[in-house]
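Asks: what shape does this take:
(one chain, ligands or ions: 1)
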Amino acid sequence: MDAKEDSYVDSGRGLNNPSAIVEELKAGFQRFLEGQSAHPHASEARRHQLAGGQHPQVALLACSDSRVPVEVIFDAGFGDLFVIRNAGNTNTFGSAGSIEYAVLDLNVRVLVVMSHQGCGAVKAAYLKEKSFSASLTELVTDIKTGLTNHGISTDDLSSYNDACLRHASITATSLMNTSAPILDAVQNKRLMVQPAFLHIDPLAISWLPPLYGRG
Ligand SMILES: [Zn+2]
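Replies: Take a look at the predicted model:
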């Protein structure tokens, strides 16, 4: 096995300490930043190996925003990340159910919830006059309610940058509060929930306090 294949998270390698897995994600991001991406796990052999089943160690809920290409920035390949994306990396039935599958059936050890600079879905929570479709209204209302419940006023845009950052932790908390399987996994240390914030320009990630255990 060459260094490239060894350098990324993979349950097949027995790496199951959540903190160590997050360090692997950070290392992948650093490789990308430095122009040293290894593009791991893209080989035909890897795809053949995975045909019988996937064993990712990381689930990742991110925004659908085209500026957040998660496999690219984490230098990940086939079988590495179980990715859920929607506008505003929001807690919906779809995202919660997908994460529950990843936790209960795939036994992922880490859930990254990543928000980002300049999120349009978060900004929509500030728009009072604009009318949205029913589905979009529900999504935007969820974001707005989360911000309001955490003391972030959406009356004017002065809080917008802070809201984009804190939305990651707010969604992480919301998932735990509304999903018994996710809460149970976190409390019993089968799952670490790691909120993160992606700065688009210059590209950087702020890793926010993780949720792990009963504390
Ligand atoms: Zn966004």
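Asks: what does the chain put close to the ion?
Replies: Contacts of the chain with the ion, taken as Cβ under 5 Å from the ion, map to 63, 65, 119, 121. All C-beta spots, glycine's among them, are computed from the backbone N, C-alpha and C.
Asks: got TSV for those residues, with pLDDT, secondary structure and neighbour count too?
Replies: Shown next, in TSV, are these (pLDDT from 0 to 100; DSSP: H, G, I helix; E, B strand; the rest coil; neighbours: other Cβ atoms under 10 Å):
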residue	pLDDT	secondary structure	neighbour count
Cys63	98	strand	25
Asp65	98	coil	20
Cys119	98	coil	27
Ala121	97	helix	22
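Asks: among those residues, which two are most distant?
Replies: The two members of these with the most space between them (Cβ to Cβ) are Asp65 and Ala121, at 8.1 Å.
Asks: so what's in contact with these two at the same time?
Replies: When contacts are counted by Cβ atoms under 8 Å, 6 or more residues apart in numbering, Asp65 and Ala121 are jointly contacted by Ala87.
Asks: I figured Gly28 hits Phe74, correct?
Replies: Yes: in this structure, Gly28 is within contact of Phe74 by Cβ atoms under 8 Å, at 4.4 Å.
Asks: nearest to Leu183, of the residues of the chain next to the ion?
Replies: Distance from Leu183 was checked for each of the residues of the chain next to the ion by Cβ to Cβ. The minimum falls on Cys63, at 23.3 Å.
Asks: who does the closest one form a beta bridge with?
Replies: Here Cys63 shows beta-bridge partners Asn86, assigned using DSSP bridges.
Asks: ok, back up a step: neighbour count winner among Gly28 and Phe74?
Replies: For Gly28 and Phe74, the more surrounded residue by other Cβ atoms under 10 Å is Phe74, and the numbers stand at 27 against 24.
Asks: tell me the contacts of that one?
Replies: Taking Cβ under 8 Å, 6+ apart, one finds 25, 28-29, 32, 80-81 in contact with Phe74.
Asks: among these, which one lies nearest to Ala172?
Replies: Looking across the contacts of Phe74 and measuring by Cβ to Cβ, the closest to Ala172 is Leu25, at 15.5 Å.
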